[in-house]
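Here is my input, please return the structure:
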Amino acid sequence: MDFLKPERVIGKATRESMQSGLYWGTVAQAEGLIARIKAELGAPEVQVVATGGLAPLFASSCPGLAHVDPDLTLKGLRLIHERNRPDRPPRLV
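Residues are numbered from 1 along each chain as shown. Model prediction:
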């Protein structure tokens with residue numbers, strides 16, 4: 001089953017209902033977490049970055065996701081690898 005943004009919240013069949021629950025439940029979860037983090041930090045202008053392959057799918061429905069970078073984790077792992085290569089000269093701090 002493909003994971004897609006459903007056309008409506010209330011599905012008319014089991015498949016549509018399951019996809020809607022997964023999609024809109026994830027959006028609601030993200031919105032709730034973003035609101036709680038902002039409240040805890042006391043910073044209403046927190047910049048939230050959505051990462052992962054499905055980030056663009058959810059960002060269109062979640063205004064709290066300010067930036068989308070599906071490859072951010074992979075980019076970070078590449079940087080860590082490059083900084084820890086054995087053939088790289090030591091960094092002078």
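
Run through this structure and note the low-pLDDT ranges.
Under the criterion of pLDDT under 70, the regions of the chain flagged as low confidence span 1, 89-93.

Tell me which stretches of it form helices.
Per DSSP state H, the chain carries helices over the ranges 14-41, 55-59, 72-83.

Dump these into JSON lines; add distance to residue 4 as well.
C-beta: built from backbone N, CA, C; applies to glycine. Putting these into JSON lines (distance: least, Cβ to Cβ, whole Å) gives the following:
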{"stretch": "helix 14-41", "distance to residue 4": "7"}
{"stretch": "helix 55-59", "distance to residue 4": "8"}
{"stretch": "helix 72-83", "distance to residue 4": "23"}
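
Mind listing residues that contact stretch 43-50?
When contacts are taken as Cβ atoms under 8 Å, 6 or more residues apart in numbering, the neighbours of stretch 43-50 outside the stretch itself are 30, 34, 37-38, 56, 58-59, 62, 64-69, 72.

Pick the most deeply packed of the helices of the chain.
Of all the helices of the chain, helix 55-59 carries the top mean neighbour count, a mean of 18, counting by mean count of other Cβ atoms under 10 Å.

who's in contact with it?
Under the criterion Cβ under 8 Å, 6+ apart, residues 3, 4, 5, 23, 26, 27, 30, 50, 65, 68, 69, 70 lie in contact with helix 55-59.

tell me, what residue is most central in this protein?
residue 50 (2.9 Å; Cα atoms, centre = their mean).

What residues does the residue nearest to residue 10 when sequence neighbours are not counted make contact with?
Leaving out its chain neighbours, the residue that sits closest to residue 10 by Cβ to Cβ, 6 or more residues apart in numbering is residue 20, at 7.0 Å. With Cβ under 8 Å, 6+ apart as the criterion, the residues that contact residue 20 are 6, 8, 9, 10, 11.
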